[in-house]
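Novice: Coordinates for the following, if possible.
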Amino acid sequence: MTVLPDDGLSLAAEFPDATHEQWQRLVEGVLRKSGKEVSGEAAEDALSTKLEDGLTTRPLYTAPETAPDTGFPGFAPFVRGGRPEGSAASGWDVRQRIAGTDPVRVNEAALADLENGTTSLWLAVGDAGLPVEGLGRALEGVYLDLAPVSLDPGARYAEAARALLALYAERAVAPEAAHASLGADPLGHEARTGEALDLAEAAALAAETAAWPHVRALTVDALPYHEAGGSAAEELGLSLSTGVAYLRALTDAGLSTEAAFGELEFRYAATADQFLTIAKLRAARRLWARIAEACGAPAAGAQRQHAVTSPVMMTRRDPWVNMLRTTVACMAAGVGGADAVTVLPFDQELGLPDAFARRISRNTSTILLEESHLARVIDPAGGSYYVEQLTDELAHAAWEFFQTVEKAGGQAAALRSGLVAERLAATWAARSKKLATRREPITGVSEFPHLSEKPVVREAAPAPLAGGLPRVRRDEAYETLRARSDAHLAATGARPTVFLAALGPAAAHTARATFASNLFQAGGITPVHDPVSVTPESAAAAYAASGADGMAVLCSSDALYEEQAGAVAAALRSAGATTVFLAGKPGTAAEAVDEYVFAGCDAIAVLSSVLDRMGVAL
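Specialist: Numbers count the residues shown, from 1 in each chain. Got it, this is the predicted structure:
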């Protein structure tokens, strides 16, 4: 570190420090111009954003009077990373997922991935992937002393683990040279399928592999809870409860506390909410370190983390946008300190990813590591007042939920009693309202949809495990609407159509016409409007020529609505429109129109109703 000499200069010495109260007064002035009369804390609250778990993102963060000790990387409480060197030496582990049932094709994909930037393999094995007996063929030509292997074996974890260990022995890979995650996760499997497995068998497997220093027998997979609609705090809390259940089983099987901690790897979702993802991974390490401290093994509390880009955020329409989502999520996972990162291919939700999609997914990490140099700084978000406070608040929310689960008897009891399912369902219901009202936008689906896009078709993937917690997707309600539109297109040769009556000059109608166009396209309804501004005289002819299915929408300013809405609406009805909407505030030109579409309206309810009235069947 270079120490600069004291040159006697003090930057901004002539200016007094600004206070928080002065900033609030400036905010008050800005809000007043927009018609909001608020002051003090209320002014700051007006610019704040409510998150899940009772968290709030504030517009301004300053140095806290007190803050928890985040320590140093590689030292308890491990907030800043589980290893002293972080990922600075070699970057994070680029772990590629391979799902498929044909060992030959899995092998081809694995070799291509390893030759082109992937550093470890994540194989779906068992009932939802590769047959266990095909594992040897799938890993043919793979240098097992160089390439770590992570298994996702479901209920067949013991069989799959022993098959992999047999391969190590067959290929003369010494125990100290093998790096693997065997993927035993009985409680995660129960969450997925509803099928209860005996923890004792997983503990016995861990006892067998305890002599393999770099092989972890158990995985605490939090993805089932994320994919069921859980929040970040719920994902963390349930992972902690699962981890504690596994620690109890492992120590009961004869492992020392330190050895038990060393047998676990944790898997979390990384979303396009970059700061929440960063905070989640940092909070997870802090919380697990607290559990290690309580168990009397503080030095063993460095949580091994595998981050996976969120399946919930992936869309089936305009899937190319998924590349952008996964890039942000990968960046957040790396900044958050994940040891291994899996970027799911952009066509993940359409079937088996093709070679192009797989190349893009692995190159996402490569660009962030090699061109953006993202791993060269350890914990780059550390010290940010926002990130540190978000990490702290999320840790407290997760710990509270963890205690709730433990009071209910632990993870297994909470799953079987319905506590987990009910809690996650309530969280998803609240989020679904944000998605329906487009308060949480989905680019390419609820915002700026592309109705004329050619569908991306992929070979069917193995059916995922089911029977337990549901799997949700952000786009699912809109996907149902688009499927109705697709069926109508296939049956009639055209999509359902709505007419936009744009009144007055472009400056008056452009914003609301754009809003209405996006809204109806989100439901698979084609918006049509005359390029010339509609007047009462031209409205009937323009509507008749549009081919609209009984629906018309007025788009303009409030002033022009007062002047023209009544006459234009009457003209549209005379031409056959059965329902006239107005794009704008409810109550505007109330006597002239039937319904309203506006920012914050329930888009799913509106679009479902419109398709019903158009006769577009499910």
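
Novice: Please, which helix or strand holds the closest residue to residue 300 other than its chain neighbours?
Specialist: With Cβ to Cβ, 6 or more residues apart in numbering as the criterion, residue 300 has its nearest non-adjacent residue at 3.9 Å, and that residue is residue 261. Where C-beta positions appear, they are placed from N, C-alpha and C, glycine not excepted. Secondary structure assignment for residue 261, by DSSP states H and E: helix 257-262.

Novice: tell me what the next helix or strand after that helix is packed against?
Specialist: For helix 257-262, the succeeding helix or strand toward the C-terminus, using DSSP H and E, is strand 264-270. Secondary-structure packing of strand 264-270 (3 or more Cβ pairs under 8 Å, 6 or more residues apart in numbering; DSSP states H and E): strand 215-221, helix 223-227, helix 232-252, helix 274-294, strand 305-309, helix 322-336.

Novice: Is it possible to get a markdown table of these that adds mean neighbour count, mean pLDDT and distance to residue 116?
Specialist: A markdown table is the format used below for those (neighbours: other Cβ atoms under 10 Å; pLDDT from 0 to 100; distance: least, Cβ to Cβ, whole Å):
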| stretch | mean neighbour count | mean pLDDT | distance to residue 116 |
| --- | --- | --- | --- |
| strand 215-221 | 26 | 98 | 26 |
| helix 223-227 | 25 | 98 | 26 |
| helix 232-252 | 24 | 98 | 31 |
| helix 274-294 | 24 | 98 | 26 |
| strand 305-309 | 26 | 98 | 19 |
| helix 322-336 | 24 | 98 | 16 |
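
Novice: Show me the helices in the stretch 401-550 of the chain, by range?
Specialist: For the stretch 401-550 of the chain, the helices defined by DSSP state H, counting those that start in this stretch cover 411-417, 419-436, 476-492, 506-522, 536-546.

Novice: Compare those and give me the one nearest residue 294.
Specialist: Proximity to residue 294 (Cβ to Cβ) singles out helix 411-417 among those, at 16.9 Å.

Novice: got the contact list for the closest one?
Specialist: Identification of contacts with helix 411-417 by Cβ atoms under 8 Å, 6 or more residues apart in numbering yields 187, 190-191, 196, 238, 241-242, 244-245, 405, 408-409, 419-421, 468.

Novice: swap in stretch 173-180?
Specialist: 120, 144-145, 148-151, 164, 167-168, 211-216.

Novice: farthest pair in those residues?
Specialist: 120 and 211 (21.4 Å).

Novice: which one of these two has more residues nearby?
Specialist: residue 120 (21 against 9; other Cβ atoms under 10 Å).

Novice: Now for the more buried one: which residues touch it?
Specialist: Contact analysis of residue 120 by Cβ under 8 Å, 6+ apart lists 93-96, 147-150, 179, 340.

Novice: Which ones among those residues map onto strands?
Specialist: Among the contacts of residue 120, the ones falling in strands (DSSP state E) are 93-96, 149-150, 340.

Novice: Looking at the residues you listed, point me to the pair that's furthest apart.
Specialist: 94 and 149 (13.8 Å).
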